[in-house]
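A.B. asks: Model the structure of this input:
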Amino acid sequence: MYFEQIVRHDIGCAAYVVGSTDAGEAAVIDPRIDMVDELLAIAEREGMRIRYIIETHNHADHISGHARLAELTGAQIAVHQDAGAEYPHLGLVDGQELALGEVRLRVLHTPGHRPEHIAIAAIDSTRGDDPWLVLTGDSLSIGDVARPDLAIDGKVGATELFQSLHEKLMTLPSGTMVYPGHVAGSLCGRVNNRMTGTTIGFERMCNPALRISDETEFVQYMNESLPERPPNMARIVKLNMSDEMPETATPKPLTMAQIADELATGAQLLDVRAPAAFAAGHLSGAINVHIDGGQFQNRVGLVFPPGARLLLVTSSDAESARTAEALSVIGFTSIAGFVAGGASGATTPSITIQQLDQKLANDASLKVIDVRETNEWAEGHIAGAAGVPFHKLRDAAKSLDPSQSYALICAGGTRSMIAASILQALGFDTVYNVDGGMGAWNAAHMPAVTEPEPAEAATA
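C.D. replies: Just a heads-up that it's a prediction; the model follows:
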């Protein structure tokens, strides 16, 4: 058996190549659109023909590479028969096996994350009839299990997931290696473990969700503290089910006059430079989401509407190309063009935590908005601060006074710059970004408080 894992840590995606070097055949499981060239290179290097492209489900967080890979290789796409796929495919059913020489890939129908979800148990018949490893897609990850609310009601999904876990996956031998479709960084679960593999036995002992034996308790647990769902997820699912080849964008450089024309027809500015560069000078109305600030695609999906036409502001031509590729992963391919090398027109004042502390002591009108997630806010925040996650600030701003002064704070200064840019784009007069965020505040042993629920931004 040949086995290789390909990981993209940006939003925690993993794909796999499983096959037989003796037979010269392989299957690719859950390929992402930006993995196609790498997967082709692996197959060529190992002397294997890609025979199957298997999807564990209709993905909601990234655009699949199955269409492009099938076009280039002639491989057959395989997905569960309930997936509703519009493209030509082999409809899989529970218990079905696909043979690649001595390797058998057994389909395990594991609904819960989505109704069509499957896992793939890989068996090397030269070693025995038990699975050597199982590719669990989103159903089981490392220290976590799949969120149940993306395709159906969360309670129904969690009930189905409980049954899939205990009646299918947990019946596998304890030594079966587990390789999930997602690792830390994904919004398809709550996993934050940086490991990329585990075993059935270890998860049975240590996974908090699997240690809940009562179904009702499990359903309640699985519907608590779920990550925010970007509004473009439904669009991604639809694109992945479609028979059309996914689009890619090759952004072209634009003059300032061309940018003005694009803005006049509804294009939106996305500045991907580092927060410090954005603060020093940017185009008015631009939203800053740093391409290297972590969770880039997820954050873009949270603050821009699905299918938005984007104008990129980048540090270089190369960064523009890299940004376009990253955006294609989440289906943002309508890119009007880019301007590289920075931009000017507006600035965002940044202040240190010491300056914030001084301003709060001297200016009662200054309002602090903590733009971390609610669970982070609850662990400790500045007294009197409102708690509004950055991706909810656009709506919360409707109840705020644009002439008021606001200081935006997060854990380190990246999400708060996203938030500050949103308020500035909405016409707020005085907005400060707090450098270093609560990380610096706590490191300096400055006072923090805990409260059960965040105060509303308008009343903080």
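A.B. asks: distance between the ends of stretch 160-180?
C.D. replies: 18 Å (C-alpha to C-alpha, to the nearest Å).
A.B. asks: May I see the buried residues of the helix or strand bottoming out on mean pLDDT in the chain?
C.D. replies: Every helix and strand of the chain was ranked by mean pLDDT, DSSP states H and E. The lowest is helix 374-379, at a mean of 89. Using 16 or more other C-beta atoms under 10 Å as the test for burial, helix 374-379 gives 374, 376, 377. Backbone N, C-alpha and C define where each C-beta goes, glycine included.
A.B. asks: Not counting it itself, show me its contacts.
C.D. replies: Contact with helix 374-379 is made by 225, 370, 385, 387, 389, 411, 438, 450, 451, 452, 454, as judged by C-beta atoms under 8 Å, 6 or more residues apart in numbering.
A.B. asks: ok, how many other residues are close to the nearest residue to residue 417 once chain neighbours are set aside?
C.D. replies: Leaving aside its chain neighbours, residue 417 sits nearest to residue 275 (3.9 Å; criterion: C-beta to C-beta, 6 or more residues apart in numbering). Counted with other C-beta atoms under 10 Å, the neighbours of residue 275 add up to 25.
A.B. asks: so residue 275 makes contact with residue 290?
C.D. replies: Yes: Residue 275 is within contact range of residue 290, at 6.0 Å (criterion: C-beta atoms under 8 Å).
A.B. asks: Give the residues shared as contacts by the two.
C.D. replies: 414, 417.
A.B. asks: for the strand or helix carrying residue 79, what is the average pLDDT?
C.D. replies: In this structure, residue 79 sits in strand 76-80 according to DSSP states H and E. Confidence over strand 76-80, taken as the mean pLDDT, stands at 98.
A.B. asks: gap between it and the chain center?
C.D. replies: Taking the mean of its C-alpha atoms, strand 76-80 sits 24 Å from the chain's own mean (C-alpha atoms, centre = their mean, to the nearest Å).
A.B. asks: which other residues reach the very next helix or strand once past that strand?
C.D. replies: Sequence order places strand 90-92 as the next helix or strand after strand 76-80, per DSSP H and E. By C-beta under 8 Å, 6+ apart, the residues outside strand 90-92 that reach it are 52, 54, 76, 77, 78, 79, 80, 81, 83, 107, 118.
A.B. asks: Most neighbours of all those, which one?
C.D. replies: Of the contacts of strand 90-92, with other C-beta under 10 Å as the count, residue 118 tops at 31 neighbours.
A.B. asks: contacting residues for that residue?
C.D. replies: Counting by C-beta under 8 Å, 6+ apart, residue 118 has contacts 56, 57, 79, 80, 92, 94, 107, 108, 109, 110, 137.
A.B. asks: Look up how far residue 228 lies from the last one.
C.D. replies: Distance, residue 137 to residue 228, using C-beta to C-beta, to the nearest Å: 22 Å.
A.B. asks: excluding its backbone neighbours, what's nearest residue 440?
C.D. replies: residue 353 (4.9 Å).
A.B. asks: tally of neighbours for the one you found?
C.D. replies: Applying other C-beta under 10 Å, I find that residue 353 has 21 neighbouring residues.
A.B. asks: Could you pull up the residues touching it?
C.D. replies: The contact partners of residue 353, by C-beta under 8 Å, 6+ apart, come to 434, 435, 436, 440, 441, 444, 446.
A.B. asks: which of the residues you listed sit farthest apart?
C.D. replies: Using C-beta to C-beta, the two most remote members of the contacts of residue 353 are 435 and 446, lying 13.9 Å apart.
A.B. asks: mind listing the helices for the stretch 1-150 of the chain?
C.D. replies: Secondary structure of the stretch 1-150 of the chain (DSSP state H, counting those that start in this stretch): helices at 36-46, 66-73.
A.B. asks: Having no further points to raise, I will conclude here.
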